[in-house]
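K.L.:
Fold the following and give me the result.
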Amino acid sequence: MLHVEFRDSFSLTSVARRVGTHPVHLARTFQRHHGMTMGEYVRRLRISFALEALVGSEASLSAIAAQAGFADQSHLGRIFKAATGMTPLQYRNKSAR
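P.N.:
Just a heads-up that it's a prediction; the model follows:
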């Protein structure tokens, strides 16, 4: 479900309701199984999408941010730099070489 809907806004409560379990149980089980919170997992999916889009398209950074499910280009930039150590534009330029 997260791999298909990672671009959409979600809450732990809404996911738990959809899978028929308590939010606390889902959070603990998810973290135990994946080694990270559900929010961290979704951010990684969004970053993976952005990485591919930055190299595979000429779309603007704001368009990629929206397509990946980030609130805006600034949000993409903060999360992307924390995950990769470079800005989305630096990554795109480095990959174009």
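K.L.:
Just give me the neighbour total for S48.
P.N.:
13 (other C-beta atoms under 10 Å). Where C-beta positions appear, they are placed from N, C-alpha and C, glycine not excepted.
K.L.:
Look up how far R7 lies from it.
P.N.:
Noted for S48: a distance of 12 Å to R7, by C-beta to C-beta, to the nearest Å.
K.L.:
Could you list the low-pLDDT ranges of this protein?
P.N.:
The model of the chain has pLDDT under 70 over residues 97.
K.L.:
those helices in it, which residues are they?
P.N.:
2-5, 12-19, 23-34, 38-56, 61-68, 73-84, 88-95 (DSSP state H).
K.L.:
Assess the claim that A50 and A66 are in contact.
P.N.:
No: with contact defined as C-beta atoms under 8 Å, A50 does not count as touching A66 (10.8 Å).
K.L.:
Looking at the two, which has the bigger crowd around it?
P.N.:
A50 (25 against 16).
K.L.:
can you pull the contacts of that one?
P.N.:
Each residue near A50 by C-beta atoms under 8 Å, 6 or more residues apart in numbering is listed here: 64-65, 68, 70, 76, 80, 88.
K.L.:
Can you tell me which of those has the most neighbours?
P.N.:
When neighbours are counted by other C-beta under 10 Å, F80 leads those with 27 neighbours.
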